[in-house]
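Trainee: return a 3D structure for these sequence lines:
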Amino acid sequence: MILHVHDDNGEIRKYEINEQNYAKTDTNEISLIGSDTKESNILKFIKSFYSGSKAILYDKSNKTIQEKLNSLDLEQFLKYDFSFIYFTSGTTGSPAGALKTKENLLSEIKQQTKLFKKYDIKKIVVTVPFIHFYGSLIGALYGMVNNIDIHIKEHFLPNDLLDMCDENTMVVTTPLYIKSLNKIERKENLSSSIFVSSTAPLFPEIAKEFKEKFNTDVMQIFGSTETGGIAYKYNDEQFWTPVETVNISQNEEGELKVTSPFVSNMIFEESFKETNGSIQTFDYIELKDEKFKLIGRSSQIIKIAGKRYSTLQIENILEEQSNIEKAVVFVTANKDALRGEELNITLQTKDQIGVKEIKDILKKNLSNLRFNINLKLVDKIKTTSVGKKMLL
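Mentor: So this is what the prediction gives:
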């Protein structure tokens, strides 16, 4: 496998990646792989994986994770079996560390290899950081295991991706790039390639537009750091198909439970917790013929006239407005409010927008929403390195 690192000036650095080049280590230490350059991060990940050492991957720009790591005694992790620890971003709460063994990682790659077999992938282009689980698993390890060349660039522009798409190319990316490619005038026939998207929802109308414009498939992967990949769907499909070895069920509230060989056996929050290969999520789902429709997280659901609406759906509606760049929406309980819940909306916009205007937009797209709205206008909404919007 060859790793190709593209620079803005057109130069390309190449690294021959071979397991035999990395000596096994017996050292009982944990290395830290923070968010430096993509080139540095993938090389450190490869070295750690092949040498059999232990590493923590994390986003240096996330102050909450940095503070958590600074306060930890890393020696307490050494008694547990793992290859990598990934810290969740903390966008919906305190960061948690998911301990991943090689068995977790390789069992998931085995299933992904089956899914992608029909595309006969000969080249992988990666836009996402390697410090995150999705980036290091699909962006790095998939190519390492299947001996497929990987191409990276520190900062991709939409046209860069199109320039790199030869026949049988897999682009590992995020909804942000899918949306950006929809907006440019250039069109290409990418029928022999596939785009893989994760980290955030990609709404059906956006995926459909992309499919029609570039004549290629978008495979969305639904999962989390703790669970690994749970399910997948193509283009504008409504229902998710569970990955072959993943078992899904619901609790009494209708929330998704995942049992899988990809699940981290150990999760670290304030203490270590065993999962026994099973995690109860907070995602409401609707089951149908062994597939499921994702309604939203329980913390991101508002109930109106007996029907559940996802705050992610509301964010998408708002971001479709020409004068709104980004939106963050979440629900909070208010015992003094008539309906018991309030919708908190933060908008990144340079225009003055009022609550009445927001209600008119949502009424047009959803229904007559009768609830309190707390509206905040900001110049910039912070995001993580994979584009997740930060609530704090």
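Trainee: where does Lys208 land in three-state SS?
Mentor: helix (DSSP: H, G, I helix; E, B strand; the rest coil).
Trainee: roughly how far does it sit from Val125?
Mentor: Lys208 is 22 Å from Val125, where distance means CB to CB, to the nearest Å. For every residue, glycine as well, the C-beta is placed using N, CA and C.
Trainee: go on, Val263?
Mentor: 29 Å.
Trainee: of the two, give the one with the bigger neighbour count.
Mentor: For Val263 and Val125, the more surrounded residue by other CB atoms under 10 Å is Val125, and the numbers stand at 26 against 22.
Trainee: pull the residues that contact stretch 4-15.
Mentor: Contact partners of stretch 4-15, identified using CB atoms under 8 Å, 6 or more residues apart in numbering, comprise 2-3, 38-39, 43, 149-155, 160, 164.
Trainee: of these, buried ones?
Mentor: Burial by neighbour count, judged by 16 or more other CB atoms under 10 Å, picks out Leu3, Lys38, Glu39, Leu43, Asp149, Ile150, His151, Ile152, Lys153, Asp160, Met164 from the contacts of stretch 4-15.
Trainee: how about the helices in the chain?
Mentor: Secondary structure of the chain (DSSP state H): helices at 38-51, 63-71, 102-116, 133-134, 142-146, 158-164, 175-183, 204-214, 311-319, 355-365.
Trainee: out of those, which one sits most buried?
Mentor: Comparing these by mean neighbour count (mean count of other CB atoms under 10 Å), helix 133-134 ranks first with a mean of 26.
Trainee: pLDDT score for Leu338?
Mentor: On the pLDDT scale, Leu338 is placed at 41.
Trainee: dump the contacts of stretch 4-15 to TSV, plus pLDDT and distance to Ile248.
Mentor: What follows is the contacts of stretch 4-15, written out as TSV (pLDDT from 0 to 100; distance: CB to CB, whole Å):
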residue	pLDDT	distance to Ile248
Ile2	97	38
Leu3	98	35
Lys38	95	33
Glu39	97	37
Leu43	96	36
Asp149	98	34
Ile150	98	31
His151	98	34
Ile152	97	33
Lys153	97	36
Glu154	94	37
His155	92	37
Asp160	93	37
Met164	94	35
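Trainee: switch those residues over to TSV; also include distance to Leu137.
Mentor: Rendered in TSV, the data for the contacts of stretch 4-15 read as follows (distance: CB to CB, whole Å):
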residue	distance to Leu137
Ile2	20
Leu3	16
Lys38	15
Glu39	18
Leu43	16
Asp149	17
Ile150	13
His151	17
Ile152	15
Lys153	20
Glu154	20
His155	22
Asp160	23
Met164	21
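Trainee: between these, which sits nearest Val355?
Mentor: Nearest to Val355 among the contacts of stretch 4-15: His155, at 37.3 Å, using CB to CB.
Trainee: and Gly97, what does it touch?
Mentor: Each residue near Gly97 by CB under 8 Å, 6+ apart is listed here: Ile56, Ile85, Tyr86, Phe87, Thr88, Ile267, Phe268, Glu269.
Trainee: quick one: the closest residue to it other than its chain neighbours and Glu103, what's the gap?
Mentor: Leaving aside its chain neighbours, Gly97 sits nearest to Phe268 (3.9 Å; criterion: CB to CB, 6 or more residues apart in numbering). With distances taken as CB to CB, Phe268 is found 19 Å from Glu103.
Trainee: phi, psi of the spatially most central residue of the chain?
Mentor: In the chain, the centroid-proximal residue (CA atoms, centre = their mean) is Thr199; its distance is 1.5 Å. Dihedral angles of Thr199 (phi, psi; degrees, to the nearest 10) stand at phi 80, psi -30.
Trainee: and it, how far from Gln321?
Mentor: For Thr199 relative to Gln321 (CB to CB), the value is 23 Å.
Trainee: then Ala140?
Mentor: Per CB to CB, Ala140 is found 37 Å from Gln321.
Trainee: of the two, who's got more company?
Mentor: Ala140 (26 against 16).
Trainee: next up, phi/psi of Arg186, please.
Mentor: phi -60, psi 140.
Trainee: that one and Asp160 touch, don't they?
Mentor: No: taking contacts as CB atoms under 8 Å, Arg186 lies outside contact range of Asp160: 11.6 Å.
Trainee: got the contact list for the residue nearest to Gly139 when sequence neighbours are not counted?
Mentor: Leaving out its chain neighbours, the residue that sits closest to Gly139 by CB to CB, 6+ apart is Val126, at 3.9 Å. Shown in contact with Val126 (CB under 8 Å, 6+ apart): Lys38, Gly135, Gly139, Ala140, Ile150, His151, Ile152, Val171, Val172, Thr173.
Trainee: cutoff 7 Å now
Mentor: Contacts for Val126 (CB atoms under 7 Å, 6 or more residues apart in numbering) come out as Gly135, Gly139, Ile150, Ile152, Val172.
Trainee: ok, what's across the strand from the last one?
Mentor: Going back to what we said before, that points to Val172. Val172 has the following beta-bridge partners by DSSP bridges: Val126, Val196.
Trainee: how close does it get to Val328?
Mentor: From Val172 to Val328 the distance is 25 Å (CB to CB).
Trainee: about what we covered before: including distance to Thr346, could the buried ones among the contacts of stretch 4-15 go into CSV?
Mentor: Below are the buried ones among the contacts of stretch 4-15 laid out as CSV (distance: CB to CB, whole Å):
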residue, distance to Thr346
Leu3, 39
Lys38, 29
Glu39, 34
Leu43, 37
Asp149, 41
Ile150, 36
His151, 36
Ile152, 32
Lys153, 31
Asp160, 31
Met164, 35
